[in-house]
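Engineer: Everything below, folded, please.
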Amino acid sequence: MNLLRQRLHQRAAFLAAIRAFFAARDVIEVDSEQLRAYGVTDPQLIPLVADGGYLQTSPEYALKILLAAGAGDIYQLAHVFRGEEQGRKHRREFMLLEWYRCGYDHLHLMDEVTDLVRTLLPTCRAWPVRHTPYAALFRDRFAIDIHRADDAAIRRLTTAHIPESATWQLNRDAMLDLLYSHYIEPQLGRGALEYICDYPPSQAALARISENADGETVAARFELYIDGMELCNGFWELTDAAEQRARFLADNRTRVQAGLPPIPLDEDFLAALAHGLPDCAGVALGVDRLLMLASDATHIEDVVPPSRL
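Structural biologist: Numbers count the residues shown, from 1 in each chain. The predicted structure follows:
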C-alpha cells in the first residue's frame, strides 16, 4: 500500500470509529450548512466572508437551532473555516467534531470526551485524568491570583515576561492569553488527559456562569490537552437569549476597540434560544489534531488529504 493510500485509509478508519462511537450511544449525525448569513462575534476568531454570508467557524449555532427544534442528542463532522495563521497545528480549513448532549452538564460531558479519546487513542487508555482550574495554572507558574489581581498587575506581569508586549494594545484577556500560550500551554497534558476548567467568565461567551468551590465566579467551560496540544473546547450551554445577546454586543464592542469590524448578530440563533434551548452541554473537538496524536504526525498537513501533487 502506497503512503497516500495508507494515510487515506487511516483517516477513513478514524472517522468510521467516531461514527461507531456515537451510533452505539444513539447520538444522531446531522449535516448542517456551513455557509450562513451570520458569522461569529468572538474577538479571537476571524470569520471568512463568502458570497452570501460567512463560512462557519463552527457548526455550533446551526446545531443549537436543531436542538431548539427538538432534535435531541446530535453530532456533526464538519469542515470549518477560520482566517487565522497557518502552521504545524493550524489550517484555515479543518474538521471539527461537535456534539451536544441533552441533560448533561460540562462535568458529565468531560467523562464522555474521555471515553471517546481513549477509544481513538489506545496509547492514552491507561493515562490518568486531571482537572486543573485555569487560575491554578497562573498561581503555580507566576504566583498571581488572577481572580483578585487588577489589570495593572496583569500588565506588569505580561511586560515582565514578554517585554515586546509593552507597546501592544491588549485587554486583560489578551494579556492572560499571551502568558498562557507562551508559558503554560506547552506543558499541559504531559502523561495525562488534562482538562482545564473554571475559566474567567469573560473567556466563555456561550457558557453558563457559576461559582466554584472557592466561591469564585467562573464559566462552565473546559478544554482538553494532551502533550501540549489543545484538542477540544466544551461548555455547559447558556440558554438565556437576553444574556446571550448582551454578550454578543459586548464581543462586538471588544472587536471595535481592537480595530476589527463588528459582526452582525446571528438572529436565527438568538430566536432559537428565545424559543427554548434544552438544558445541554456541547463540545467541539479538532479531528485533525486528534488524528495527529493517533498517527504520531508532527504537522497537521500530514493527516489531511493533499490538495496538490
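Engineer: gap between stretch 273-284 and the chain center?
Structural biologist: On the basis of CA atoms, centre = their mean, to the nearest Å, stretch 273-284 is displaced by 16 Å from the centre of the chain it belongs to.
Engineer: and if you look at stretch 220-238?
Structural biologist: Using CA atoms, centre = their mean, the distance from the centre of stretch 220-238 to the centre of the chain it belongs to is 6 Å.
Engineer: Using CSV, list the CA coordinates for that stretch.
Structural biologist: This file holds the C-alpha atoms of stretch 220-238, laid out as CSV (Å, rounded to 0.1, in the frame of the first residue of the first chain):
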residue,chain,number,x,y,z
ALA,A,220,-18.7,26.3,33.0
ARG,A,221,-16.2,25.7,30.3
PHE,A,222,-13.4,23.1,29.7
GLU,A,223,-10.6,22.4,27.3
LEU,A,224,-8.7,19.1,27.0
TYR,A,225,-4.9,19.0,26.4
ILE,A,226,-2.7,16.0,25.5
ASP,A,227,1.1,16.5,25.1
GLY,A,228,0.7,20.3,25.0
MET,A,229,-1.9,20.3,22.3
GLU,A,230,-5.4,21.7,22.8
LEU,A,231,-8.0,19.2,21.5
CYS,A,232,-11.4,20.5,22.4
ASN,A,233,-13.5,23.3,23.9
GLY,A,234,-16.7,22.5,25.7
PHE,A,235,-19.5,24.3,27.6
TRP,A,236,-22.5,23.7,29.8
GLU,A,237,-24.5,25.8,27.4
LEU,A,238,-26.1,29.2,28.1
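Engineer: Okay, buried residues for that stretch please.
Structural biologist: By neighbour count, with 16 or more other CB atoms under 10 Å as the criterion, the buried positions of stretch 220-238 are 220-227, 229-238. Any C-beta I mention is one placed from the backbone N, CA and C, and that applies to glycine too.
Engineer: Buried residues of stretch 102-118, list them for me.
Structural biologist: By neighbour count with 16+ other CB under 10 Å, stretch 102-118 contains the buried residues 104-106, 109-110, 112-114, 116-118.
Engineer: Check stretch 144-152 too.
Structural biologist: Neighbour-count burial for stretch 144-152 flags 144, 146-147, 149 (criterion: 16+ other CB under 10 Å).
Engineer: Look up phi and psi at R221.
Structural biologist: phi -130, psi 150 (degrees, to the nearest 10).
Engineer: pretty sure it is in contact with A204, am I right?
Structural biologist: Yes: contact criterion CB atoms under 8 Å: R221 and A204 qualify, at 4.1 Å.
Engineer: residues shared between the contacts of the two?
Structural biologist: F235 (CB atoms under 8 Å, 6 or more residues apart in numbering).
Engineer: circling back: could you dump the buried residues of stretch 102-118 into JSON lines and include secondary structure?
Structural biologist: JSON lines is the format used below for these (DSSP: H, G, I helix; E, B strand; the rest coil):
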{"residue": "Y104", "secondary structure": "coil"}
{"residue": "D105", "secondary structure": "coil"}
{"residue": "H106", "secondary structure": "helix"}
{"residue": "L109", "secondary structure": "helix"}
{"residue": "M110", "secondary structure": "helix"}
{"residue": "E112", "secondary structure": "helix"}
{"residue": "V113", "secondary structure": "helix"}
{"residue": "T114", "secondary structure": "helix"}
{"residue": "L116", "secondary structure": "helix"}
{"residue": "V117", "secondary structure": "helix"}
{"residue": "R118", "secondary structure": "helix"}
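Engineer: Quickly check the residues you listed for the two that are furthest apart.
Structural biologist: The widest separation within the buried residues of stretch 102-118, taken as CB to CB, falls between D105 and R118 and amounts to 20.7 Å.
Engineer: secondary structure class for the residue nearest the centre of the chain?
Structural biologist: Central residue of the chain (CA atoms, centre = their mean): N233, 3.0 Å from the mean position. Three-state secondary structure (criterion: three-state DSSP) places N233 in strand.
Engineer: List the contacts of it.
Structural biologist: With contact set as CB under 8 Å, 6+ apart, N233 has these partners: 221-223, 283-284.
Engineer: Remind me which helix or strand E98 belongs to.
Structural biologist: Taking DSSP states H and E as the definition, E98 sits inside strand 93-102.
Engineer: So which residues of the stretch 101-250 of the chain form strands?
Structural biologist: According to DSSP state E, counting those that start in this stretch, the stretch 101-250 of the chain carries its strands in the segments 129-133, 193-199, 209-211, 217-226, 229-236.
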